[in-house]
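>>> curious how this folds, go ahead:
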Amino acid sequence: MNSYKQLPLLPTRMKANTKEKLYIVITTVSSQKEAEDLSNYLLENAGAACVSQIPQITSSYHWKGKIENCEELILLIKVIETNKSGLIQKLEANHPYKIPEIIVLESHSVNDAYLRWATSIV
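Down below sits the predicted model:
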């Protein structure tokens, strides 16, 4: 027997909007504090369903004529299409970087339960 908790199924009346799409917005930040603050802001104010933080990456990039290398965290922000534009505007306005990396990926396949959940909480 596995050690996973047995969670109740979502109510059947909670149907996913089949026209709704899920997007993953990718951005980076320089510290755990920035990751937590920005994640919480997007969850509370911008319609994000979930924000996953991936720590300890190294980014290399051109900046002011030099190649820079720095430690960062990646944020994977899950958002439904209805909230995508507003989330991106709020992310741009509240991001700690002068020129933030904001990449939007459209998901082509999402399990039904997750899409129902993401649609229901926002």
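
>>> just the CA trace of the helix or strand bottoming out on mean pLDDT in the chain, in PDB.
Scoring the helices and strands of the chain by mean pLDDT, DSSP states H and E places helix 112-121 at the bottom, with a mean of 90. Output in PDB follows, covering the C-alpha atoms of helix 112-121 (Å, rounded to 0.1, in the frame of the first residue of the first chain):
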ATOM      1  CA  ASP A 112      -9.200  17.100 -16.200                       C
ATOM      2  CA  ALA A 113      -9.000  17.200 -12.400                       C
ATOM      3  CA  TYR A 114      -6.300  19.800 -12.400                       C
ATOM      4  CA  LEU A 115      -8.000  22.000 -15.000                       C
ATOM      5  CA  ARG A 116     -11.300  21.800 -13.000                       C
ATOM      6  CA  TRP A 117      -9.400  22.800  -9.800                       C
ATOM      7  CA  ALA A 118      -7.600  25.700 -11.500                       C
ATOM      8  CA  THR A 119     -10.800  27.000 -13.100                       C
ATOM      9  CA  SER A 120     -12.700  26.700  -9.800                       C
ATOM     10  CA  ILE A 121     -10.400  28.600  -7.500                       C
END
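
>>> chain center to that helix: distance?
Centroid displacement of helix 112-121 relative to its chain, using Cα atoms, centre = their mean, to the nearest Å, is 15 Å.

>>> do the same with stretch 42-50
In terms of Cα atoms, centre = their mean, the centre of stretch 42-50 is found 8 Å from the chain centre.

>>> for that stretch, which positions count as buried?
For stretch 42-50, burial by neighbour count (16 or more other Cβ atoms under 10 Å) applies to L42, L43, A46, G47, A48, A49, C50. In short, each C-beta sits where N, CA and C put it, glycine included.

>>> and that stretch, average pLDDT?
If you average the pLDDT over stretch 42-50, you get 95.

>>> first to last residue in it, what's the distance?
Start and end residues of stretch 42-50 are separated by 9 Å (Cα to Cα, to the nearest Å).

>>> before we move on, the earlier item: hmm, which two among the buried residues of stretch 42-50 are most spread apart?
A46 and C50 (12.3 Å; Cβ to Cβ).

>>> for the residue nearest in space to the middle of the chain, give me its contacts.
Closest residue to the average C-alpha location of the chain: I77 at 0.3 Å, with Cα atoms, centre = their mean. Neighbour list for I77: I24, V25, I26, T27, S39, L42, A48, C50, V51, L87, L91 [criterion: Cβ atoms under 8 Å, 6 or more residues apart in numbering].
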